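S.K.: Quick one: sequence and predicted model below, then my questions.
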Amino acid sequence: MLGGKLHSNDDDTNDTFVVNFLLPFANFVSYFSIPPIETMPKNVAAVWTKFLAGDVEYRDARLKLLPVVIDGPWIVKKAVGTTPAVIGQKIPLQYYFTKGDGGKRKGTYEVDVIISASKIAKTILNVVKGHAKRLIIALAFIIEAAEESELPETVLCSFQLHYLHLELCPRLPYYALDVDTDDDDDDGNGDDEM
């Protein structure tokens, strides 16, 4: 992953959180360095630990995306909104979590957001895509607090996109995501925890 440079620094003690947006025309991957649990505020450490240990249903009910259009046409601002949304309620998610071993092997926690499987998400994406060259948008990920001790909700990680030229992205080959395989060992949830 990432040209073999992920965790190539021996001094790197941080795990990595990866969010892979599977778009109809490309993959958009964001990744974040997650500090050791003991260095996090207690409320953040609590929700992150529960998120990692939770099953698919738990994770789908907790991971939020907060989009903020900083600069762009009103139609994009209207389509995107400004309210945090629990992603797994409207868009299928798949999880690929590899825990670290406490030594050299660091944890990598990937969430695939399958935009191409959601009509609503594809509609919003088409509005954004049409105006991407004139757009600055910030995306923040939050794990929803379910108990008072987990408050206040805190942004886990975030990034900004500035004036994207999507026509320069290479086109991905067609791949059917809903193909049924007869693999009895796979429960279909995409969760490859170790």
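M.R.: Sure, I can see it.

S.K.: Looks to me like Arg105 is in a strand.
M.R.: No: Arg105: not assigned to a strand; according to DSSP: H, G, I helix; E, B strand; the rest coil it is coil.

S.K.: What is the neighbour count of it?
M.R.: 11 (other C-beta atoms under 10 Å). Yep, even glycine has a C-beta here, placed from its N, CA and C like the rest.

S.K.: for it, what are its contacts?
M.R.: By C-beta atoms under 8 Å, 6 or more residues apart in numbering, no residues touch Arg105.

S.K.: Quick check: phi and psi at it.
M.R.: phi -80, psi 120 (degrees, to the nearest 10).

S.K.: Provide the contact partners of the lowest-mean-pLDDT helix or strand in the chain at residue level.
M.R.: Sorting the helices and strands of the chain by mean pLDDT, DSSP states H and E puts helix 119-130 at the bottom, at a mean of 86. Helix 119-130 has contacts (C-beta under 8 Å, 6+ apart) with 23-25, 75-76, 79-80, 90-91, 115-116, 135, 137, 166.

S.K.: now do 10 Å
M.R.: 21, 23-25, 67, 69, 72-73, 75-76, 78-81, 87, 90-92, 113-116, 118, 132, 135, 137, 161, 164, 166-167 (C-beta atoms under 10 Å, 6 or more residues apart in numbering).

S.K.: Can you list which of those residues are found in helices?
M.R.: Ile75, Val76, Lys78, Ala79, Val80 (DSSP state H).

S.K.: Format these as a markdown table; extra columns: pLDDT, distance to Glu150 and neighbour count.
M.R.: Putting these into a markdown table (pLDDT from 0 to 100; distance: C-beta to C-beta, whole Å; neighbours: other C-beta atoms under 10 Å) gives the following:
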| residue | pLDDT | distance to Glu150 | neighbour count |
| --- | --- | --- | --- |
| Ile75 | 90 | 36 | 12 |
| Val76 | 90 | 32 | 21 |
| Lys78 | 90 | 32 | 10 |
| Ala79 | 89 | 31 | 17 |
| Val80 | 89 | 27 | 19 |
